[in-house]
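Novice: My questions concern the predicted model and sequence given below.
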Amino acid sequence: MRLTLAWRWTELRMLLPLLLLVPLGFVVTHVAEAGVLEPGPLTLAFGYVALMLVAHAILVLSGHRGDQLLLPLVGTIGGAGLVILNRLAPDVEPTQAFGLQLDVAATQLAWFAVGLVAMLAVAIGLRDDGLLRHYKYTWAAVGIGLLVLTAFLGYEVNGARLWLDLGPIAIQPGEFIKIILVVFIAGYLADNRALLTGASLRIGPIRVPPLPYLLPMLALFGLVMLIAVRQNDLGQALLLFGIFLTMLFVATGRRSYVLIGLLLFVAGSFAAYKLFPHVAARVDIWIDPFADPTNKGFQPVRGLFALARGGLFGEGLGQGLPQSIPYVHTDFIFAAVAEELGLVGAFALLALFLAFVFRGLRIAMLARDEFSALLAVGLTASLALQTLIIVAGNLKLVPLTGITLPFVSYGGSSVLASFVMVGLLLNVSHRTARAVDREQGLKDR
Amino acid sequence: MIATNVRRLAVYLLLAFVVVSGGLGWWQILDAPALNARAENPQVIAARRSAMRGTIFDAKGALLASSAVIDGVSRRTYTDAAFSHLIGYASLRFGTTGVERAYDDILTGRADPNPLRDLMNDILNRRPEPKDLTLTIDKRLQDFAAAQLGDAIGAVVAIDPRTGAILAMTSIPTFDATPISELPDPAGPAMARITGRPGNPLVDRARQGRYVPGSIMKVLTAAAALDAGAITAHTTFPDQPQQETDGFVVNGFTIREHDLRPVTPALWSLSPALQVSSNIFFAHVGLELGAQRFLEYAHRFGFCAGGSIGSGARALPVSASYVTAETDGDCGPFTDDVELASASFGQARVSVTPIQMALIAATIANDGVMPALHAVRDVRVHAADAAGGPSSAVLEESPSGDGSRVISVDAARVTRSAMVDAVEGELGRLYAGQGSVQLYGTGSDVHTAGKTGTAQRGEGQAPHSWFIGFAPAQGDAQPSIAVAVLIEGGGSGAGRAAPIGGAVMAEWLRLAGGG
Amino acid sequence: MSGDLLRVLLLGLQLGFVAVLYLILFGFARSLLRDLRSAEAQQLASRVGIGRLSVLESPDDEPPAGTTIALGPINSLGRNVNNTIYVEDDFASANHAMLTFRGRSWFIEDQGSTNGTYVNGHRIDRPVALSFGDELMIGRVRMRLER
């Protein structure tokens, strides 16, 4: 058997500009802060680009045939994010882990390394979809277990119970639950499609989804409301339900199901608003943060001020006041980008996310089987919705939530989970490419 | 089929990203100016906390307000409480008021008067450089006016009728702005002490106080009726002499004359009527003019809407004056002829600010052209040593806004001569019970024009004492000062306000003449 | 003035950073568009030789109106969910019709349905050869055979 090594030239070509982008961002930050024209420390910047190039090389060596734009897209978004985190690092408390004291940029870089390893493992390691598809109920059990564990054993940070303590590090199970949910729903919809296309129920003039859709929909809805209320995590609830509705829409093509689901969510949220004071408080802050700008509305108001300071071209990297926003490195990193790089820079970041989303959807469209297609849709929708929810939260379009901006916000669980999702997307596109190759081979023969 | 749905999903997600980008545009471009100006903005707070503010000087270079940064905190010191209402305060705790507020961006250096330099500073992120201001006010006249009021609650406004420059503007009681502009912590009790004193010291009576004008309103009635052609200098009303004693019945309501003291009623034209301040005569004039035209002239003179000192973004707001009941920020209609007749001599629902009345005097003095008010003369490069006086480098002169013609030259001249008579005429002196005009003239060979007002309030409340006037007023002389004096509950206009008005005008002519 | 020089240089670097970001973005946009075109070309190529059913009218929305269904060589249509093409309509029979590609053309054959199968408005009583553009009616569901 002859081993031919197909180099991933597009991937390399799109990764190389990072050699300019990330170090340049570090230099700008240093010059702006020190007021001296000198490059400053660039270890983290080059370390980051080196990590990306190593990941690229491993993909090449393993003969990976997956999409070549995903890694560069993620690399650019993450690179811009690292520049911003590095700029924020002096104003954010450093982290302590394994006896080391690292600033947020260095910690984030370490997590990028862990994430890339996980991504490669998933992208290369999964030979077929069996592990995911056939054990979907096991995965579902694991997911629910994590959820319950968090709900009862987790500890609260800022009023939301999101964290599980695992000795030296703490993780946010929510970040992984969404992956498990995507895998489970993709498996469920793909396996039961014959059943699912069955007759829809009618209650009077209203068409209701058939029971096999309806039951998991209601179960999930209940679960989601539980998360929203019990863990005070509106963002996570909205995200999980959004992922489910998106996948349901793609599997059935019925806009009405999505509409019913959304109505259900709105009604549920309204009920929660009326019943639970802590939910009501969050919504009230959202509606008018300026009612209490020095206390409850402090964070969102500071975020809006940062946006306004940015204007069209921004205050300039290193010259704004993003540290005036509490939790800027997690919840409000997008506002920090918008302040320092302006509308121009923030728009570029959004466009990069959109490009990533289109790429993910393309992988879904090209996929050869329904499970893979739905898996790719779910993963892409997850990252897309996550981005939209937190960015819209920063912009006061929806209530502010504590979910992260993928690849940009500081946070180990988020980075790790996001890279696992990229790995799965790479895996799907790899298997599609292999299938196409086999068909081509058959024809050629 | 999945491919089709995925394609649709792509469109929906694209739309969602477009909406989010729209939100970004809203906050970063459309709503940004409003957000950037908000006092809670940390940028504004940080700038105010540590940034140097420019110095404020009077017209002659005397120091009025200056800043020093001590331990990273900017503290402001004010030298003269007579200016506290106009200049206001720049407090870390209580925000900014007055000129400090209107010129905040200039004083802190956040904006440069030159738009090009402003843009460059912004692009290059230069540190803001504070700028200094000089006012149009001479501290000596301001202090003189404040001293004239003494402890009396009231206000004095003096304007240069030719340019609209404020020459003096003081409100009593006043307060010391320094303690509330120092460190935030002691500022609280300092503010509490000020607000705890009687008479609302924080209120600028010149700009924000609204009072019944009484007889000084007759100047406006006369000027409007002359300009509209409703009366001439010689118009008389045959029923008027009898009505002076019997009363003037309008719509079944009898308007009665005030106490004419030794004066015997006669058939009066404008000048004698103004000298004895005949309510009956001016009720006739107002009815002759009619409600429609009365309201129209009121608008022209600046009534019925908020006014300003200065223009554009750097204007100091002035409360609106009204001739009728306020309706949606405008003057409502007169309910009947009784209200019109009463408003014509300054009663009914007329309410005015001292600045508005000073503007009426200035307009008559300026031959019918109402000048545009301003209190800041120019913006200058920050002087390193405030005690050494202002820098000579002027960055921007306040635009001397064009006045607007309100009434004709002729109407203004006839009104002016009647106002000169009201100060110096035989009948006026007889009515006032004074043997001499010295009390509220300038006391020299310079003639003055003026009108007193004794504004009746409710039962048991002493009337407000008013005076408006200008000088020099003889012949073709160009008046160089117009004043309005108000003393709350001060009693008769001739007794309290007029002497102060005369003294202020005399002091100004002395200062201007002496250099 | 050296402060200003530094500021100008810093401004240049900052603009450079955003410029590089946009250059990368445009690179991605170009790659995305190129792949989109080749993907469309691939799909067009893969369609040749096989037919599709375009759903014109479907009162109960299964199959949904406006969608197209890719056809295999043998397709069964009917109200039974085990059919290749499931038609949810009160006027369709469980096993309504067979749509098959034999040799060079498409044939439709009624499977003894209650309400019959219509081709271009005519009820059929034996297998009928179809050409692209013909309209089929199963119950109240109207579909068009397309290339």
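Specialist: Alright, I've got the coordinates. For clarity, every value in this text was computed on a predicted model and none was experimentally measured.
Novice: helix, strand or coil for residue 343?
Specialist: Going with chain A. Of the three states, A:Leu343 takes helix under DSSP: H, G, I helix; E, B strand; the rest coil.
Novice: Surely it touches A:Ala308?
Specialist: No: using CB atoms under 8 Å, A:Leu343 makes no contact with A:Ala308, being 10.9 Å away. Bear in mind the C-beta positions are built from the backbone N, C-alpha and C, glycine included.
Novice: Point out the residues in chain C that sit beside chain B.
Specialist: Taking CB under 8 Å from any CB of the partner chain as the criterion, the neighbours of chain B within chain C are C:4, C:7-8, C:10-11, C:43, C:67-69.
Novice: how about low-confidence regions in the chain?
Specialist: By default, I'm working from chain A. Residues of chain A meeting the criterion pLDDT under 70: A:1-5, A:96-99, A:156-162, A:165-169, A:193-214, A:217, A:224, A:228-229, A:439-445.
Novice: Wait, chain C was what I had in mind.
Specialist: Using pLDDT under 70, chain C drops low at C:1-2, C:39-50, C:103.
Novice: Not counting its neighbours along the chain, what's nearest the closest residue to chain B within it?
Specialist: For chain C, the residue closest to chain B is C:Arg7, as judged by CB to the nearest CB, at 4.2 Å. Nearest residue to C:Arg7, sequence neighbours excluded (CB to CB, 6 or more residues apart in numbering or on different chains): B:Leu124, at 4.2 Å.
Novice: residues touching that neighbour, list them.
Specialist: Going by CB atoms under 8 Å, 6 or more residues apart in numbering or on different chains, B:Leu124 touches C:4, C:7-8, C:11.
Novice: same deal with B:Gly286?
Specialist: B:Gly286 neighbours (CB under 8 Å, 6+ apart): B:221, B:225, B:294, B:340-341, B:343-345.
Novice: Assumed C:Val81 was part of a strand.
Specialist: No: read with three-state DSSP, C:Val81 is coil and lies in no strand.
Novice: what about it, neighbour count?
Specialist: 14 (other CB atoms under 10 Å in any protein chain shown).
Novice: now swap in A:Trp139 and tell me
Specialist: Neighbours of A:Trp139 under the rule other CB under 10 Å: 19.
Novice: ok, now B:Ser342?
Specialist: Neighbours around B:Ser342, by other CB under 10 Å: 22.
Novice: Quick check: the gap between it and B:Ala283.
Specialist: Applying CB to CB, to the nearest Å, the value for B:Ser342 to B:Ala283 is 7 Å.
Novice: repeat for A:Ala435
Specialist: From A:Ala435 to B:Ala283 the distance is 102 Å (CB to CB).
Novice: between these two, who's got more neighbours?
Specialist: Set A:Ala435 next to B:Ala283 and count neighbours by other CB under 10 Å: B:Ala283 wins out with 27 against 15.
Novice: The more buried one: which element?
Specialist: Element membership for B:Ala283, per DSSP states H and E: helix B:279-289.
Novice: Next: B:Pro479.
Specialist: Using DSSP H and E, B:Pro479 sits within no helix or strand.
Novice: Go ahead and confirm it touches B:Phe470.
Specialist: Yes: at 4.3 Å, B:Pro479 and B:Phe470 qualify as touching, with contact defined as CB under 8 Å.
Novice: what is in contact with these two at once?
Specialist: Common neighbours of B:Pro479 and B:Phe470 (CB under 8 Å, 6+ apart) are B:161, B:365, B:449.
Novice: Save the contacts of B:Gly286 as JSON lines, and put in neighbour count too.
Specialist: Below are these laid out as JSON lines (neighbours: other CB atoms under 10 Å in any protein chain shown):
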{"residue": "B:Thr221", "neighbour count": "29"}
{"residue": "B:Ala225", "neighbour count": "27"}
{"residue": "B:Phe294", "neighbour count": "26"}
{"residue": "B:Leu340", "neighbour count": "24"}
{"residue": "B:Ala341", "neighbour count": "25"}
{"residue": "B:Ala343", "neighbour count": "28"}
{"residue": "B:Ser344", "neighbour count": "30"}
{"residue": "B:Phe345", "neighbour count": "28"}
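Novice: would JSON lines of the residues you listed with secondary structure be doable?
Specialist: Listed next are those as JSON lines, based on three-state DSSP:
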{"residue": "B:Thr221", "secondary structure": "helix"}
{"residue": "B:Ala225", "secondary structure": "helix"}
{"residue": "B:Phe294", "secondary structure": "helix"}
{"residue": "B:Leu340", "secondary structure": "helix"}
{"residue": "B:Ala341", "secondary structure": "helix"}
{"residue": "B:Ala343", "secondary structure": "helix"}
{"residue": "B:Ser344", "secondary structure": "helix"}
{"residue": "B:Phe345", "secondary structure": "coil"}
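Novice: Alright, I will stop here.
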